[in-house]
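[1] predicted model, plus sequence, below.
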There are 2 protein chains.
Amino acid sequence: MHVDSVAIIGVGLLGGSLGLALKARGLVGVVRGVGRRRESLSKALEVGAIDSAHLDLSGGVQDADVIVVCTPASQVIAMLDVLRDAALPSAFVTDVASTKASICAHAHATWSAPRRFVGSHPMAGSEKFGPEHAYANLYEGAVVALEKSGGLDEHARETIRELWQCVGARIVEVEPVEHDAIVARTSHVPHVAAAALAVIASRQGANARPLSGKGFRDATRIAASRSEVWRDICLTNREAVLNGLDEFADELRQIRAAIDRRDAVAIEAFFNTGRIARAEVAGT
Amino acid sequence: MHVDSVAIIGVGLLGGSLGLALKARGLVGVVRGVGRRRESLSKALEVGAIDSAHLDLSGGVQDADVIVVCTPASQVIAMLDVLRDAALPSAFVTDVASTKASICAHAHATWSAPRRFVGSHPMAGSEKFGPEHAYANLYEGAVVALEKSGGLDEHARETIRELWQCVGARIVEVEPVEHDAIVARTSHVPHVAAAALAVIASRQGANARPLSGKGFRDATRIAASRSEVWRDICLTNREAVLNGLDEFADELRQIRAAIDRRDAVAIEAFFNTGRIARAEVAGT
């Protein structure tokens, strides 16, 4: 793959790392960074994630063959509305938002067919953020969920797929609604649970800290993430998160009842099922 | 500290590691291992965790100055009943069970005052178990919760405290009921939550695996633990776990309602509170 010009809109951890990865591999002629904050753009320039920095969107995307929207999830839809006119008619566009159904449905409804926007969700990143934490290998070995929909431009789909593969990612094609249902359970509900666990533990006062171990640290690590990001995810994936929370509450109600009636067999079976389920989803 | 003879009842990960640690530091004359399974005892002998192996309890504890009960939590109370008669009247006794209220209350009710049994809970271990995983540094830097109760033998308390400090642990004295309330929130409810999260994620089918990342792996790691252990903990710390589950369900209900009514401010506040709470309890 070689692309003359890639525009990255939003040069935080994901956008900055993509720029670094593309440049480290010599896959693109020029990487343009578009952002709203002067500070992030100059940091991204400084670490070598982008070749040019643009506060104005049109300047940044005017010659871009590929545009990757790395803004917060809540801003992707508005950005697609702008890009529909601002981008070259030949440009391929993707994003990195953690939820896909509403974004892809909006693109489906508003972009002409065959659609040159193909949604992506790279399963990479951490509680860290900002271009100062960007690194070229962020996507190495990561999974990128790629939109599976009817009506996509075949060339766009292939180019976006190659873009991610070139920076080391493994592609999983999945329909947006299925994607959102799954990540609600593998990521969004776990984030909600981690925050709730931290809250009830902290109410125990000063001794909670010495009396918590590695298990607690691991189980609640994702509660250290940014509130705005998770607020947006809960809002954009609202229905799937609500359904996931209901399933979670159901499981908790059942094990609560088993503990309440001292049902040793049911309690052991619950933990057994959990251990097997965890191995299925997360590996060993 | 020097003790002529220590008996360790139950030579799994915790008991085996204690034996290794005491012997590595030359703190005891002889470490006797007591167990019910020939295989575990011979493994513990082989790795050097114990100096003598005893299938019969009385042979193992007859000359012991300090006895550490490292059996599963569900067997500690029955073991204390036996030790009341089998141990030397001068012996000091402790245990390593993850729950303390029922064990310490039983000891309080049945042992003569001043009590020579002082409960312990080392915050160490992992999903691994058995003497083959024992290592001398398991307790290095770990916290050991030590029973704070009226009516304890001062010398017993001091000796048990020193025993743990000598193998590298940091002592936190805490009343058994407070201990159990705290660990219900820092450990037991998180284990239940992790198992429930794994269960609902696995129901999403084959794509759940590629679409789960490090966050899911961390958040559910403790679901890989042994079912029997967590069954016993839920049963022995039943009330505190039920209360903790109720508080957890309450938090989940509130955030669910906020997501349902699209209350961005309340959702962000929830995640903020979670992040701060997590930093308080787990550090950064």
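    Alright, I've got the coordinates.
[2] secondary structure element for whichever residue of the stretch 101-250 of chain A sits closest to chain B?
    Ranked by C-beta to the nearest C-beta, the top residue of the stretch 101-250 of chain A for proximity to chain B is A:Ala195, at 2.6 Å. Glycine gets a C-beta too; all of them are placed from N, C-alpha and C. Using DSSP states H and E, A:Ala195 sits in helix A:189-202.
[3] and that helix, what's buried?
    A:189-202 (16 or more other C-beta atoms under 10 Å in any protein chain shown).
[4] after it, next one along is what?
    Trace forward from helix A:189-202 with DSSP H and E and the next one is helix A:214-220.
[5] tell me which residues of that following helix come out buried.
    For helix A:214-220, burial by neighbour count (16+ other C-beta under 10 Å) applies to A:Gly215, A:Phe216, A:Arg217, A:Asp218, A:Ala219, A:Thr220.
[6] and for stretch A:240-249?
    Across stretch A:240-249, burial judged by 16+ other C-beta under 10 Å covers A:Ala240, A:Val241, A:Leu242, A:Gly244, A:Leu245, A:Glu247, A:Phe248, A:Ala249.
[7] still on that earlier bit, secondary structure element for the residue lying closest to the residue of the stretch 101-250 of chain A closest to chain B once chain neighbours are set aside?
    Spatial nearest neighbour of A:Ala195, chain neighbours left out: B:Gly274 (2.6 Å); criterion: C-beta to C-beta, 6 or more residues apart in numbering or on different chains. Per DSSP H and E: B:Gly274 is located in helix B:264-282.
[8] re the thing from before, pretty sure the residue of the stretch 101-250 of chain A closest to chain B sits against B:Ala279.
    No. With contact defined as C-beta atoms under 8 Å, A:Ala195 does not count as touching B:Ala279 (11.9 Å).
[9] now do the helices in the stretch 51-200 of chain A.
    A:57-61, A:76-86, A:101-110, A:154-166, A:176-183, A:189-202 (DSSP state H, counting those that start in this stretch).
[10] give me the contact list for the fourth one.
    Surrounding helix A:154-166, the residues in contact under the criterion C-beta atoms under 8 Å, 6 or more residues apart in numbering or on different chains are A:1, A:3, A:6, A:22, A:25, A:27, A:66, A:68, A:92-94, A:114-118, A:120, A:122, A:139, A:144, A:146, A:171.
[11] same thing with the third one?
    Counting by C-beta under 8 Å, 6+ apart, the neighbours of helix A:101-110 from elsewhere in the structure are A:73, A:76-77, A:80-81, A:84, A:95, A:97, A:115, A:117, A:119, A:147, A:149, A:151, A:176-177, A:179-180, A:236-237, A:240.
[12] give me the angle between it and helix A:176-183.
    Put simply, helix A:101-110 runs at 170 degrees to helix A:176-183, going by axes from the mean of the first three to the mean of the last three C-alpha atoms, to 10 degrees.
[13] so how far is helix A:101-110 from its chain's centroid?
    The chain centre lies 17 Å from the centre of helix A:101-110; the measure is C-alpha atoms, centre = their mean, to the nearest Å.
[14] quick one on the thing from earlier: any chance of CSV for the buried residues of helix A:214-220, columns pLDDT and distance to B:Arg32?
    Output for the buried residues of helix A:214-220, formatted as CSV (pLDDT from 0 to 100; distance: C-beta to C-beta, whole Å):
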residue, pLDDT, distance to B:Arg32
A:Gly215, 93, 31
A:Phe216, 96, 34
A:Arg217, 96, 35
A:Asp218, 96, 35
A:Ala219, 97, 37
A:Thr220, 97, 40
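[15] could I get the residues you listed as TSV with distance to chain B?
    Output for the buried residues of helix A:214-220, formatted as TSV (distance: C-beta to the nearest C-beta, whole Å):
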residue	distance to chain B
A:Gly215	5
A:Phe216	5
A:Arg217	5
A:Asp218	5
A:Ala219	4
A:Thr220	5
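[16] and the two most separated of these?
    A:Gly215 and A:Thr220 (9.5 Å; C-beta to C-beta).
[17] what is in contact with the two at once?
    Joint contacts of A:Gly215 and A:Thr220 (C-beta under 8 Å, 6+ apart) are B:Pro190.
[18] re earlier: how much space between the residue nearest to A:Ala195 and A:Arg238?
    Here B:Gly274 is placed at a distance of 19 Å from A:Arg238 (C-beta to C-beta, to the nearest Å).
[19] show me what contacts the spatially most central residue of chain A?
    In chain A, the C-alpha nearest the mean C-alpha coordinate belongs to A:Ser98, at 3.3 Å (C-alpha atoms, centre = their mean). A:Ser98 is in contact with A:Ala73, A:His121, A:Val183, A:Ser187, A:His188, A:Ile233, A:Asn237, counting by C-beta under 8 Å, 6+ apart.
[20] report how many residues lie close to the last one.
    So that's A:Asn237. 26 (other C-beta atoms under 10 Å in any protein chain shown).
[21] my guess is it meets A:Val183, correct?
    Yes. Using C-beta under 8 Å, A:Asn237 makes contact with A:Val183 at a distance of 7.3 Å.
[22] overlap of the contact sets of those two?
    Joint contacts of A:Asn237 and A:Val183 (C-beta under 8 Å, 6+ apart) are A:Ser98, A:Thr99.
[23] quick one: the closest residue to A:Val34 other than its chain neighbours from B:Leu20, how far?
    Nearest residue to A:Val34, sequence neighbours excluded (C-beta to C-beta, 6+ apart): A:Gly60, at 3.6 Å. Separation of A:Gly60 from B:Leu20 (C-beta to C-beta) stands at 61 Å.
[24] repeat that for A:Ala257.
    Using C-beta to C-beta, we find A:Ala257 at a distance of 42 Å from B:Leu20.
[25] which one's more surrounded, these two?
    Applying other C-beta under 10 Å to A:Ala257 and B:Leu20 shows that B:Leu20 carries more neighbours, namely 24 against 12.
[26] burial count for A:His2?
    9.
[27] pretty sure it sits against A:Arg25.
    No. Here A:His2 does not reach A:Arg25: they are 10.3 Å apart, not a contact under C-beta under 8 Å.
[28] tell me the phi and psi of the closest residue in space to A:Thr186 that isn't next to it in sequence?
    With sequence-adjacent residues excluded and distances taken as C-beta to C-beta, 6+ apart, A:Thr186 is closest to B:Ser212, at 3.8 Å. With angles defined as degrees, to the nearest 10, B:Ser212 sits at phi -120, psi 140.
[29] show me the contacts for B:Ser212.
    Contact partners of B:Ser212, counting by C-beta under 8 Å, 6+ apart, are A:Met123, A:Thr186, A:Ser187, A:Val281, A:Ala282, B:Ala201.
[30] nearest to A:Arg253 among those?
    Nearest to A:Arg253 among the contacts of B:Ser212, counting by C-beta to C-beta, is B:Ala201 at 17.9 Å.
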